[in-house]
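Novice: Provide a 3D model corresponding to the input given below.
(chains A, B, C and D)
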Protein chains: 2
Amino acid sequence: MARNEAGRDQALELWVVLARATNAVSRHARADVARHGLADAEFGVLEVLFHKGPLRVCEAQRRILLQSGSTAYVVDKLVRKKLVRRTPNPRDKRGTLLVLTPRGRQLMTRIFPGHAEVIRRAMGALSKRELKRAAELVRKLGLGAATVPDETPT
Amino acid sequence: MARNEAGRDQALELWVVLARATNAVSRHARADVARHGLADAEFGVLEVLFHKGPLRVCEAQRRILLQSGSTAYVVDKLVRKKLVRRTPNPRDKRGTLLVLTPRGRQLMTRIFPGHAEVIRRAMGALSKRELKRAAELVRKLGLGAATVPDETPT
DNA sequence: TTGAGATTGCTCGAATTCGAGATAACTTCC
DNA sequence: GGAAGTTATCTCGAATTCGAGCAATCTCAA
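Specialist: Residues are numbered from 1 along each chain as shown, chains lettered A, B, ... in the order given. Here you go, the predicted model:
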């Protein structure tokens, strides 16, 4: 509660640089996937399917950090582009499965390595050791923030 | 170029946790300012004016990480709410100055401390020392990413 | 078995953001 | 002085995202 007069608030400080860094990196990512006619969120869905195999919509949703309405919109676009298919889930009739089409898999096989390289380059300011340490700290931060309950309204 | 087969790619790993953490914290921030009828970006503009005094639109824009069109939209809303005024800049007739109205200042005086507390709580998983270290690393990352040139298209 | 509550994924309207100009004003350099 | 380039801001249409609400399905305890 007591604010240190001198020196800025550590938490607020981190919040600012965090937002800035995420924004800066995301510009590179976005520009790269845009070269292949994909939006950020579209690439996100393709990537998770590419690496994890078929998933329910809600699982993909968790990874692209969008609300359900937006996710449906993104999946629709991928389906229209014939990169992804919706298939019924035998175990749970609610949970439609998303599956990469051969075309979608081909696309990812072709563009993912370059994309990874773009991210690596965007992160080039940090050494391997620093990347590791940063990931540890930021993961801890994120898990904590996801856990903290909403504050009681005034 | 040669990737380590075992072990995940450090840069991609950090990119994922970074996006997640930013999203998690931003949910808290958003929920808090929403309680006062403000959107994220609106609060961002008010905050920078609150702390830095009158600024040109482009300077505020840099801090809220939006494009110019979106910034104009946000400023318009604040003007309509009578929290901010646009005033001519004597030194540069292009660069309109944004100024907090008394009402805007009152609002920020009232809600900023609570907002800062929300952010602090969202970041509560990290110790003071960790916050500091994380901020150092993430700042370095962000500055680097902002500097890296766009890659040459294939 | 059944029914209350949770989960999943969708639709739909509104809000937000982008991105490409257009315009005006400033700067630089000849 | 002025042409050419840069910067600041806004407008406008399109794309994206949100968020609330709904229907179908599943879970679990009584």
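Novice: Report how many residues lie close to the residue nearest to residue A:130 when sequence neighbours are not counted.
Specialist: Nearest non-adjacent residue to residue A:130, counting by CB to CB, 6 or more residues apart in numbering or on different chains: residue B:137, 5.8 Å away. For the C-beta atoms, the positions are set from N, CA and C on the backbone; glycine is no exception. Residue B:137 has 23 neighbours, counted by other CB atoms under 10 Å in any protein chain shown.
Novice: quick one: residue B:137 is in a helix?
Specialist: Yes: counting by DSSP: H, G, I helix; E, B strand; the rest coil, residue B:137 is part of a helix.
Novice: Might one say that it is in contact with residue A:126?
Specialist: Yes: using CB atoms under 8 Å, residue B:137 is in contact with residue A:126, at 6.7 Å.
Novice: Flag every buried residue along stretch A:52-69.
Specialist: A:55-57, A:60-61, A:63-66 (16 or more other CB atoms under 10 Å in any protein chain shown).
Novice: Now render those as CSV, adding pLDDT, distance to residue B:80 and secondary structure.
Specialist: Shown next, in CSV, are the buried residues of stretch A:52-69 (pLDDT from 0 to 100; distance: CB to CB, whole Å; DSSP: H, G, I helix; E, B strand; the rest coil):
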residue, pLDDT, distance to residue B:80, secondary structure
A:55, 95, 43, strand
A:56, 95, 42, strand
A:57, 96, 38, helix
A:60, 95, 38, helix
A:61, 95, 34, helix
A:63, 92, 37, helix
A:64, 94, 33, helix
A:65, 94, 30, coil
A:66, 95, 29, coil
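Novice: The residue nearest to residue A:130 and residue A:26, how far apart?
Specialist: According to CB to CB, to the nearest Å, residue B:137 stands 18 Å off from residue A:26.
Novice: Please enumerate the shared neighbours of residue B:137 and residue A:126.
Specialist: Here residue B:137 and residue A:126 have residue A:134 as joint contacts, going by CB atoms under 8 Å, 6 or more residues apart in numbering or on different chains.
Novice: Return the alpha-carbon coordinates of stretch A:93-110 using CSV.
Specialist: Coordinates of each C-alpha in stretch A:93-110 appear next as CSV, following Å, rounded to 0.1, in the frame of the first residue of the first chain:
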residue,chain,number,x,y,z
LYS,A,93,-21.5,-34.4,-29.4
ARG,A,94,-21.1,-30.8,-28.2
GLY,A,95,-17.4,-30.6,-28.8
THR,A,96,-16.8,-30.3,-32.5
LEU,A,97,-13.3,-31.3,-33.5
LEU,A,98,-11.1,-29.2,-35.7
VAL,A,99,-8.9,-31.0,-38.1
LEU,A,100,-6.3,-29.6,-40.5
THR,A,101,-7.0,-30.5,-44.1
PRO,A,102,-4.1,-31.7,-46.3
ARG,A,103,-4.0,-28.3,-47.7
GLY,A,104,-3.8,-26.7,-44.3
ARG,A,105,-1.0,-29.1,-43.3
GLN,A,106,0.9,-28.3,-46.5
LEU,A,107,0.6,-24.6,-45.9
MET,A,108,1.9,-24.9,-42.3
THR,A,109,4.7,-27.2,-43.4
ARG,A,110,5.7,-24.6,-45.9
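Novice: what does that stretch rub up against?
Specialist: A:36, A:45-47, A:49-50, A:54-58, A:60, A:75, A:78, A:82-89.
Novice: Please spell out the PyMOL selection for the buried subset of the residues you listed.
Specialist: Per 16+ other CB under 10 Å, the buried members of those correspond to this PyMOL selection:
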select buried, chain A and resi 45+46+47+49+50+55+56+57+60+75+78+83+84
